[in-house]
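> here you go, sequence then predicted model.
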Amino acid sequence: MQFRQQALAKLQSPEELDLPVRLARPQGWLALGVTVVVMAAAAVWAVTGSVASTVNAPAILTHGQGSYLLQSPVSGQVTAVLVKQGERLPADAPVLKVRTGQGDSVVRTVAAGRVTTLAATIGQIIQTGTNVAAVEKVAHASDPLYATVYVPAENAADIPAHAPVDLTVSSVPTQTYGVLRGRVKAVDRTAQSAQSISAFLGDSQLGRQFTGKGRPVAVLVALDTSQSTKSGYRWSTTDGPPFRLDSMTLASGSIKLADQRPVDWLLP
């Protein structure tokens, strides 16, 4: 009771009525001001800002028309291999000689291109439909390279036209020469099977490799060209590697997806 009376007496005392009321210390006002500024900036960014994201997927460098598997139209024994791996051939060029029960037969190319794989050897017994070679469809040495990136199907809808792409090429040391630059040229909206990938690349093993985690979507990437580099293409470094790139070289692609708003606003 004594303390209560002292408190009431102090409230009734006029000795400090002329002093201003201190609502907060200066440090408190500073902290409050900083908090308000940060919250305002966050609100503005939530409305006008965007979040850039990428999708990473396996890729391969090829010429635009892909490859095909050359199959033997006859059964018999291979008596001669008439070409070398890496050789560029016109359409209808002889590749193998096969001895059959009706005499010698010649296996010829279907379309002009470069032999990337020879699967037949002299003395081998082959059957009708056996894959004897893979031929990349390229008519001229100056034909440009493209990259095909096999992206998970669920990311295909988020890839905008002409999206920038960075390619880490397996044969190029990234720490020294950087990454290869390109832009999305086309997105195939149909998921690729192992068979369709094998037919395009002329390699059944790659078909299985690129579908190991499900059926992907093929994204065709046009490589940025440069006259100042040895490879003829633009890199994240000034010069890039001191050699030209080969088709059928494996890579890893990083594609920039469409920007996403950090906050989805729902209108009533």
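Great, that's in hand. Everything numeric in this text was worked out from a predicted model, so none of it was measured.
> and stretch 66-84, end to end?
End-to-end distance for stretch 66-84: 19 Å, by C-alpha to C-alpha, to the nearest Å.
> starting at the chain centroid, how far to it?
33 Å (C-alpha atoms, centre = their mean, to the nearest Å).
> do stretch 102-116 as well
Mean-position distance between stretch 102-116 and its chain equals 34 Å (C-alpha atoms, centre = their mean).
> what mean pLDDT would you report for it?
Confidence for stretch 102-116, expressed as mean pLDDT, is 92.
> over to stretch 242-254?
pLDDT averaged over stretch 242-254 gives 93.
> can you point out the buried residues in that stretch?
In terms of neighbour count (16 or more other C-beta atoms under 10 Å), stretch 242-254 has its buried residues at Leu245, Ser247, Met248, Thr249, Ala251, Ser252, Gly253, Ser254. Every C-beta, even on glycine, is put in place using the N, C-alpha and C of the backbone.
> just stretch 82-99 next, same as before
Buried positions in stretch 82-99, judged by neighbour count with 16+ other C-beta under 10 Å: Val83, Arg88, Leu89, Ala93, Val95, Leu96, Lys97, Val98.
> next one: stretch 113-132
Buried-residue list, stretch 113-132, by 16+ other C-beta under 10 Å: Gly113, Arg114, Val115, Thr116, Thr117, Leu118, Ala120, Gln124, Ile126, Thr130, Asn131, Val132.
> now stretch 197-207
Buried-residue list, stretch 197-207, by 16+ other C-beta under 10 Å: Ile197, Ser198, Ala199, Phe200, Leu201, Gly202, Asp203, Ser204, Leu206, Gly207.
> one more: stretch 218-229?
Ala218, Val219, Leu220, Val221, Ala222, Leu223, Ser226, Thr229.
> pLDDT on it, on average?
Average pLDDT, stretch 218-229: 94.
> name the residues that touch it?
For stretch 218-229, contacts defined as C-beta atoms under 8 Å, 6 or more residues apart in numbering pick out 57, 59, 64, 144-151, 156, 159, 165, 167, 180-188, 192, 197, 200, 232-235, 238-240, 253, 255.
> quick one: end-to-end distance for that stretch.
Where stretch 218-229 begins and where it ends lie 28 Å apart, using C-alpha to C-alpha.
> ok, now stretch 186-206?
Taking C-alpha to C-alpha, stretch 186-206 runs 21 Å from one end to the other.
> what sits against Ser193?
Gly207, Thr211, Arg215.
> excluding its backbone neighbours, what's nearest the last one?
Going back to what we said before, that points to Arg215. Closest residue to Arg215 apart from its sequence neighbours, by C-beta to C-beta, 6 or more residues apart in numbering: Ala191 at 3.9 Å.
> quick check, the one you found in contact with Val217.
Yes. Taking contacts as C-beta atoms under 8 Å, Ala191 lies within contact range of Val217: 5.9 Å.
> so these two - more neighbours on which side?
More neighbours surround Val217 than the other of Ala191 and Val217, with 21 against 15 (other C-beta atoms under 10 Å).
> separation between that one and Glu154?
9 Å (C-beta to C-beta, to the nearest Å).
> just Leu250 next, same as before
Distance of Leu250 to Glu154, computed by C-beta to C-beta: 23 Å.
> got it, and Val184?
Using C-beta to C-beta, Val184 is found at 17 Å from Glu154.
> OK, contacts around the closest residue in space to Ala258 that isn't next to it in sequence?
Once flanking residues are discounted, Ala258 sits nearest to Pro160: 4.8 Å by C-beta to C-beta, 6+ apart. Contact partners of Pro160, counting by C-beta under 8 Å, 6+ apart, are Val184, Leu257, Ala258.
> what's the local residue count around the last one?
Counted with other C-beta under 10 Å, the burial measure for Ala258 works out to 12 neighbours.
> now the buried residues of stretch 197-207 as CSV including distance to Pro173?
Output for the buried residues of stretch 197-207, formatted as CSV (distance: C-beta to C-beta, whole Å):
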residue, distance to Pro173
Ile197, 28
Ser198, 30
Ala199, 32
Phe200, 28
Leu201, 25
Gly202, 28
Asp203, 25
Ser204, 30
Leu206, 23
Gly207, 28
